[in-house]
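J.: Need coordinates for the following:
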Amino acid sequence: MQRRVMTNYLYYYNYQHHKDLANIPEAPIAPGYDDMTWTRQDLQILMARYHPAGLREFGLGLEPSLLQLVPDLMCAHRLTRLELCAIKEETKLEPIIDFIATHNRQYGTLRDLKIQGSGPSHDPLRLVQCMDRPRLIDLSEWAQPVMRLDRIARDHLESLHLRLRERSPSEVTPIFLSTCPSLKILTMQVNKPDLFKPFIRDRFGTNSHPFWSELQSEDGQMSSRAFNTSKESLGHIPLSHMELSGEKSILVPCLMDIASAFQDTLQELVVNSWHFADHSDTKASLAWNHILPRLTRLELKGPIVLAFNLDTLVHCPSLRSLILDLPTLTHSVSGHKLASLASLRQLRELSLEGKWYIGDHLLDYLSDHLQSLERLSLEGCMGPTSNGLLKAIKKMKSLQWYCNTSVGACMRLGMTLALL
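T.: Next comes the predicted model:
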């Protein structure tokens with residue numbers, strides 16, 4: 001007698017993604033499946049076949065067998081998110097393009113689209129263009145650069161994710177960003193140092209900020225091309241979460257512009273950088289002298305950390321998570337400027353990775369001020385002795401977790417010490 005799928009098989013998945021579903025109709029288990037080896041896609045396939053009306057998100061690998069589910073998905077009238085995986089050069093996109101277009105006409109619920117894969121002859125934006133009101137577009141795992149983003153609907157776009165490291169970055173311009181009035185989350189590789197500079201004028205007004213005067217004097221052609229008249233404004237976009245990558249010499253001026261243009265809305269800033277040996281910008285400094293009142297997470301990785309002026313942290317009073325990851329080949333870096341961290345009274349997580357030199361005196365000083373710290377990681381750091389470290393840990397009453405695998409220790413405070 002063939003076993004049958006009961007509600008409990010889907011309980012965990014339903015609880016996480018479809019909390020309003022009370023019952024799943026009984027359906028025969030597919031031959032060869034083991035009770036304990038269900039994957040997220042297995043469960044979604046069963047949902048598509050036997051209860052499509054309950055689906056709100058679906059991950060679809062574009063293999064012929066899974067494309068057979070498209071007719072079932074046409075009954076998923078509450079579907080809001082679609083993830084398309086494993087697209088290849090030989091993959092035929094027409095069936096899924098027709099599905100998205102038809103579903104959009106019938107229900108209009110599909111808002112989030114993630115596309116993974118590769119195909120030089122494929123244009124992933126053909127899929128996005130079928131949606132009237134996309135809210136999230138994730139192309140971070142699409143292998144080729146994406147061009148002509150202005151072809152998609154943008155009035156309701158809140159999250160845009162592009163590939164973080166590629167030889168030819170996707171095409172993003174200030175004009176495109178200005179036509180995304182709801183954009184809050186942006187992931188991309190930056191290849192122009194002045195990408196965000198025009199947005200400073202919208203905040204400070206024409207010629208009232210030195211950055212805008214500098215832009216006009218440096219590149220009058222760009223200014224006239226970007227604005228029809230000298231009084232035209234790009235408009236405000238409420239960017240709050242940004243993950244950027246790029247070459248250090250490009251990122252430093254770009255990040256300074258971001259800190260000025262979006263100082264009222266910026267909440268999380270994650271930056272991964274690299275440095276080309278033929279660029280002589282080692283003295284470039286990343287700093288700002290105004291408050292970022294809502295910034296709660298700052299993560300800098302690579303050469304950009306060496307350019308960051310740590311005294312700038314005094315202008316980040318709400319910071320709760322700080323990650324500073326030095327480049328791998330960096331020589332020992334004096335940690336005396338880390339004393340600036342003492343101003344971060346709300347800091348909950350601190351991760352210093354690489355060859356920071358942190359002596360017992362500095363660690364003791366920081367422990368007196370970082371009383372809200374819950375997680376501390378000093379991966380690869382040099383300097384503190386065992387006694388100095390234990391003394392600092394005892395002072396930080398809120399600390400729950402400490403890690404430094406370079407000396408073989410990782411501990412959850414109050415629990416068992418695990419040696420890695």
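J.: hey, let's count contacts and neighbours off CA atoms from now on
T.: Noted.
J.: Outside of whichever strand or helix holds V270 itself, which residues are in contact with it?
T.: Using DSSP states H and E, V270 maps to strand 268-274. Strand 268-274 is contacted by residues 240-248, 251, 295-304 when judged by C-alpha atoms under 8 Å, 6 or more residues apart in numbering.
J.: Whichever helix or strand comes after that strand - contacts with which helices or strands?
T.: Per DSSP H and E, the first helix or strand lying C-terminal to strand 268-274 is strand 297-301. Applying 3 or more C-alpha pairs under 8 Å, 6 or more residues apart in numbering; DSSP states H and E, one finds that strand 297-301 contacts strand 268-274, strand 321-325.
J.: Now do the contacts for the closest residue to S332 other than its chain neighbours.
T.: Nearest residue to S332, sequence neighbours excluded (C-alpha to C-alpha, 6 or more residues apart in numbering): K355, at 4.8 Å. Going by C-alpha under 8 Å, 6+ apart, K355 touches L326, T330, H331, S332, V333, G380, C381, M382.
J.: Let me see the contact set for the second one.
T.: The reference is to T330. G354, K355.
J.: what's across from E243 in the sheet?
T.: Judged by DSSP bridges, the bridge partners of E243 are T187, V270.
J.: Hmm, it is touching R165, no?
T.: No. If you go by C-alpha atoms under 8 Å, E243 and R165 don't touch, sitting 11.7 Å apart.
J.: what's the distance between L324 and L286?
T.: 14 Å (C-alpha to C-alpha, to the nearest Å).
J.: just the buried members of the contacts of strand 268-274?
T.: With burial judged by 16 or more other C-alpha atoms under 10 Å, the buried subset of those is 240-248, 251, 295-304.
J.: Columns mean pLDDT on top of the helices and strands packed on strand 297-301, output as a markdown table?
T.: As requested, the helices and strands packed on strand 297-301 are exported to a markdown table (pLDDT from 0 to 100):
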| stretch | mean pLDDT |
| --- | --- |
| strand 268-274 | 96 |
| strand 321-325 | 97 |
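J.: closest one to K337 among these?
T.: strand 321-325 (12.9 Å; C-alpha to C-alpha).
J.: in its sheet, what does the very next helix or strand once past that closest one sit against?
T.: Helices and strands here follow DSSP H and E; after strand 321-325, the next one along the chain is strand 333-334. Note on strand 333-334: by DSSP bridges, its sheet partners are strand 356-357 (parallel).
J.: residues in contact with the partner strand?
T.: So strand 356-357 is contacted by L326, S332, V333, S334, G335, G380, C381, M382, G383 (C-alpha under 8 Å, 6+ apart).
J.: change it to 6 Å
T.: With C-alpha atoms under 6 Å, 6 or more residues apart in numbering as the contact definition, strand 356-357 has outside contacts at S332, V333, S334, G335, C381, M382, G383.
J.: ok, so what distance separates the first one from N404?
T.: Counting by C-alpha to C-alpha, the gap between S332 and N404 amounts to 17 Å.
J.: out of the two, which sits in the more crowded spot?
T.: Neighbours were counted for S332 and for N404 using other C-alpha atoms under 10 Å; N404 has more, 19 against 13.
J.: Verify the stated contact: the more buried one with L378.
T.: Yes. Here N404 reaches L378: they are 5.1 Å apart, a contact under C-alpha atoms under 6 Å.
J.: Tell me, please, the helix or strand in the chain that averages the lowest pLDDT.
T.: helix 220-226 (a mean of 38; mean pLDDT, DSSP states H and E).
J.: Can you tell me the centre-most residue of this protein?
T.: Nearest to the mean C-alpha position of the chain, by C-alpha atoms, centre = their mean, lies E243 at 4.5 Å.
J.: Surely that one and T187 touch.
T.: Yes. Look at E243 against T187 with C-alpha under 6 Å: they come within range, at 4.6 Å.
J.: now stretch 45-63, how far from the centre of its chain.
T.: 26 Å (C-alpha atoms, centre = their mean, to the nearest Å).
J.: And stretch 389-402, by the same measure?
T.: For stretch 389-402, the distance to the chain centre is 30 Å (C-alpha atoms, centre = their mean).
J.: what sits against E57?
T.: With C-alpha under 6 Å, 6+ apart, E57 has these contacts: L79, T80, R81, L82.
J.: list the contacts for the nearest residue to the second one once chain neighbours are set aside?
T.: Right, T80. Excluding the flanking residues, the one nearest T80 by C-alpha to C-alpha, 6+ apart is L110, at 4.1 Å. Applying C-alpha under 6 Å, 6+ apart, we find L110 in contact with L79, T80, R81.
J.: do the same with R320
T.: T296, Q346, L347, R348.
J.: nearest residue to it other than its sequence neighbours?
T.: Per C-alpha to C-alpha, 6+ apart, closest to R320 is L347, 4.0 Å.
J.: Quickly note the distance from the one you found to L326.
T.: L347 is 20 Å from L326, by C-alpha to C-alpha.
J.: again, but for T385
T.: Distance from T385 to L326, by C-alpha to C-alpha: 21 Å.
J.: who's more crowded, these two?
T.: Higher neighbour count among T385 and L326: L326, with 23 against 12, using other C-alpha under 10 Å.
J.: Surely that one touches G354?
T.: Yes. Counting by C-alpha under 6 Å, L326 does reach G354; the two are 5.0 Å apart.
J.: For S140, give its distance to H161.
T.: Between S140 and H161 the computed distance is 5 Å (C-alpha to C-alpha).
J.: Correction: the previous question concerned D123.
T.: D123 is 16 Å from H161, by C-alpha to C-alpha.
J.: Same check on P384?
T.: Distance from P384 to H161, by C-alpha to C-alpha: 40 Å.
J.: same check, this time on T80
T.: 17 Å.
J.: Can you pull out the residues in contact with stretch 135-148?
T.: Contacts for stretch 135-148 (C-alpha under 6 Å, 6+ apart): 111-118, 156-163, 169-171.
J.: Please flag which of these sit within strands.
T.: D112, L113, K114, I115, Q116, G117, S159, L160, H161 (DSSP state E).
J.: closest to I87 among those residues?
T.: Of the ones in strands among the contacts of stretch 135-148, the one sitting nearest to I87 (C-alpha to C-alpha) turns out to be G117, at 4.4 Å.
J.: count of residues packed around the nearest residue to that closest one once chain neighbours are set aside?
T.: Closest residue in space to G117, ignoring its immediate chain neighbours: I87 at 4.4 Å, by C-alpha to C-alpha, 6+ apart. Counted by other C-alpha under 10 Å, the residues lying close to I87 total 21.
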